[in-house]
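>>> Here is my input; please provide its structure:
(one chain, ligands or ions: 2)
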Amino acid sequence: MGVSNLLSDKYSVVYIAVLLCVLVTGTSGCLDWDFLTEGLFPSLCPILSGTTSFMKDLFTAESKHDEGPITKELVTECVKCGRELTKSASQRGKQLVKNGVCLDHCTPAMHHFFSASLPADVKKASEASQEILMATKMLQVKLCSSSTVTPNTFMSFLENQVIRHDSIACRPFSVRCGSTRYRSIDGTCNNLERPAWGRRGAPFTRIATPRYADGIYSMPGAKSGRALPNPRLLSTRLFTDAPVPSRVHNYLSMQWGQFVTHDMSLQIMEVTDDGGIQCCIGDGVDVLPPEWQNDKCIPISVPEDDPFYRYFGVKCLNFVRSITTPRDDCSLGHAEQMNTVTSFLDGSTIYGSDKKLASKLRSKRGGRLKEEYKEYNKRGFLPTADDKKASCDLRNVSEPCYLAGDGRINQTPTLAMLHTLFLREHNRVADILSTLNPLWTDEKLYQEARRIVIAEIQHITYQEWLPLNFGETYLRYYRIIPSTLYSNDYNEDVNPGVINSFSSAAFRFLHSAVPDTIMTCPSNYYAAYTHRLSDHYQNPSLLESSTESFDDVVRGILLQSAAESDPYCSGQISNLLFKSRNAWGLDLIAMDIQRGRDHGIASYNDYREICGLRRAYTFQDLSGEISQDRIYALSQMYECVDDVDLFVGGSMERAVQGSILGHTFQCIVGEQFYRTRVGDRFFYDNSEMIHSFSPEQLQQLKKASIARLICDNTEHVHYVQSRAFELETQWNPKVRCDDTGAVPRVDFTAWKSSLFD
Ligand code: HEM
Ligand SMILES: [Ca+2]
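Numbering: from 1, shown residues only. Ligands and ions are numbered 1, 2, ... in the order given. Below is the predicted model:
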């Protein structure tokens, strides 16, 4: 790696920048800004320099303006300065790549990126957001130089102000909405008053003030000013590698959870023009020295005595910050990450979240989606990815690698299996509608089939999956209990956007439900075969390895237990994630913890309060929710109870009755699913809207089930438990698919329209 020319004379500058951070924020945990301010103040930011007594001036200057401290000139200067610093950071990133600091293909780190490039609009928004963050930082530094304003006061002041500047390449979101019967692909215009809500590219929403060290974007530190505990250490000490099989939930239930996640949320990491950002030396030999790191690097260092990685000499796990986006009004403020899929539960995993992909996925005939046929199977398979090598980890090019509405499709064979079931369901429904309505165009058939499939996804989630996992009592409390026919609770004031702490902490707790293996089971049910999960990341060929293998996987995940949702996690995800051909992989649990910090997710203690629990002042105050041994373990890891990360504290809580989650995660997840339903104008059982289903149609859709989805879209799976997210028991036995009493069929006759419809 030719990096010597990067070892410039930066130390004095870094020192000033760190000092600046310490003075401004009271913590040194803000290295992220150092690189951006490197040697640039004098030339680019006259507002922050220009005198020999630079530091002194900065922290003693008073505003000389009558119109209040934030003048137009000041904002202009901060924005200009922010832009130059952003440009410089980007150039520095490019220079690092030129010097060979970039990731190799086929490494665990590279598979973690899912896609090595950003769509143009995402990239543009991310750049604008960086400029805004820089400008905010500059403004904070400038204003906090007055002794009366603390950085926190400044940030709370900013929360209630809309300060923006025309020269930032960001325009407040605006779109013209017509009245249409169908959802848009990108989620815009769902809410007619606030058409940006829930769209692809929207900022995540928050229910707590972020805990960035500087209130803007810096990685958080402990209250004492020292670093928070190492995420890998927390993972190995608190999330033991000993998954316990669930006695209720099967693998399919876990798989549905991930499928729902991918429909609602996607945080993507920053990349350079040349692909993934490298933060470790080589393949993880050590953390790159700060002067060689891209400013988006937040690698996870691995302790010397790590129980697993020490055998492989791994001391660093690659990790990069998520892309951020401007808020809808382009105003200055703290960082907000971008959700790059639609927040609505709207089948975006199947249809895509942007028009270009959506169009590419369509066959443009009979309303169908593209599918591929194999000689041995009458049912369709997903189309092939454009660049198989980049999208999958294949042993040879003849292995399958799929294209779908979501880029994470190939992550595991069982995820790809669920995608395939929905592809088939869409085409099955489109064919039935076409037979019933021979005059319908391709567009009409596509949209109507899409509408039905989305209704099925929503119904299965709210009718079957949520009650099983989170308990009916709680669903009643969160007002998301299944309705008998129509529900009338669309509320245009509810933002359906995904809550940052839901996708960066609470819902990730279900990573503990991922079992070690994938089971396949032949049609005679005489034997079952297990396959280590880590041998199948980014390679779905298990679905096509033999003529029967797709159905074998389906039978297997119906039979196999999920792991219990508890702080015991499989080493398949906590040591071997995306292992590829290596002997080791990444640690998803450490990544969950680090991602929460990257997003400035408020502490566990803050969330306790938000969720109606008493704030803890000592570790012992957690005893109502957390067992003594876990309280002890937490107190050994964290200096102070206020430091506990939401992901960690929430995971330690005992589950509330009837649910797989503890109180705090239950509260966040409940709130999210409330918003996802009540904030969705097109939610399938909303009544009295131009797009509402007729009572006859809705009655049929309410018969949809995960069991029926399997029966209708596999070749030789003839038996399924009627409650198909639960393990087979004597109370939930396998029944024949043609037993329509046990597994009702959805009859589409109610979609037959009169000739002129
Ligand atoms: C084999 C199963 C699974 C694997 C391999 C897996 C892997 C991953 C990976 C690599 C990430 C990105 C981590 C980051 O960079 O921050 C992620 C994110 C996430 N996972 Fe999983 N996951 C699995 C199952 C699940 C399940 C069952 C759930 C919940 C029911 C879940 C919920 C989430 C959530 C909410 C996120 C954040 C999504 C986003 O906004 O980008 N995952 N997972
Ligand atoms: Ca979606």
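
>>> mind checking how far the closest residue in space to Pro119 that isn't next to it in sequence is from Thr342?
Nearest non-adjacent residue to Pro119, counting by CB to CB, 6 or more residues apart in numbering: Asp354, 7.1 Å away. (C-beta placed from N, C-alpha, C; glycine too.) Distance, Asp354 to Thr342, by CB to CB, to the nearest Å: 9 Å.

>>> what is in contact with the two at once?
Shared contacts of Asp354 and Thr342, defined by CB atoms under 8 Å, 6 or more residues apart in numbering, are found at Ile185, Asp186, Arg200.

>>> Look at the first one and give its secondary structure.
Per DSSP: H, G, I helix; E, B strand; the rest coil, the local secondary structure of Ile185 is coil.

>>> just checking, it touches Tyr351?
Yes - between Ile185 and Tyr351 there is a contact at 6.5 Å, judged by CB atoms under 8 Å.

>>> And the two? Which one has more around it.
Tyr351 (24 against 21; other CB atoms under 10 Å).

>>> Please identify which of Asp354 and Thr342 sits among more neighbours.
Thr342 (33 against 20).

>>> doesn't that one fall inside a strand?
No - using three-state DSSP, the assignment for Thr342 is coil, not a strand.

>>> show me where the stretch 551-700 of the chain has helices.
Ranges of helices within the stretch 551-700 of the chain are 571-574, 588-598, 604-610, 628-637, 646-652, 663-678, 695-701, based on DSSP state H, counting those that start in this stretch.

>>> whoops, the stretch 151-300 of the chain was the one
151-159, 231-238, 251-264.

>>> May I have the shortest one exported as CSV, CA atoms only?
Provided in CSV are the C-alpha atoms of helix 231-238 (Å, rounded to 0.1, in the frame of the first residue of the first chain):
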residue,chain,number,x,y,z
PRO,A,231,-18.3,-3.1,20.7
ARG,A,232,-16.5,-6.5,20.0
LEU,A,233,-15.8,-6.8,23.8
LEU,A,234,-19.5,-6.2,24.5
SER,A,235,-20.5,-8.7,21.9
THR,A,236,-18.2,-11.5,23.3
ARG,A,237,-18.9,-10.8,27.0
LEU,A,238,-22.6,-10.1,26.9
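
>>> Show the backbone phi and psi for Arg395.
phi -80, psi -30 (degrees, to the nearest 10).

>>> OK, contacts around the residue nearest to it when sequence neighbours are not counted?
Once flanking residues are discounted, Arg395 sits nearest to Asn539: 7.6 Å by CB to CB, 6+ apart. By CB under 8 Å, 6+ apart, the contact list for Asn539 reads Cys392, Asp393, Leu394, Arg395, Glu399, Cys401, Asn410, Pro413.

>>> Now for the residue nearest to the spatial centre of the chain: which residues touch it?
In the chain, the centroid-proximal residue (CA atoms, centre = their mean) is Leu266; its distance is 3.8 Å. Residues near Leu266 by CB under 8 Å, 6+ apart: Asn339, Thr340, Val341, Asp406, Gly407, Arg408.

>>> Let me know the closest of these to ligand 1.
Nearest to ligand 1 among the contacts of Leu266, counting by CB to the nearest ligand atom, is Asn339 at 6.8 Å.
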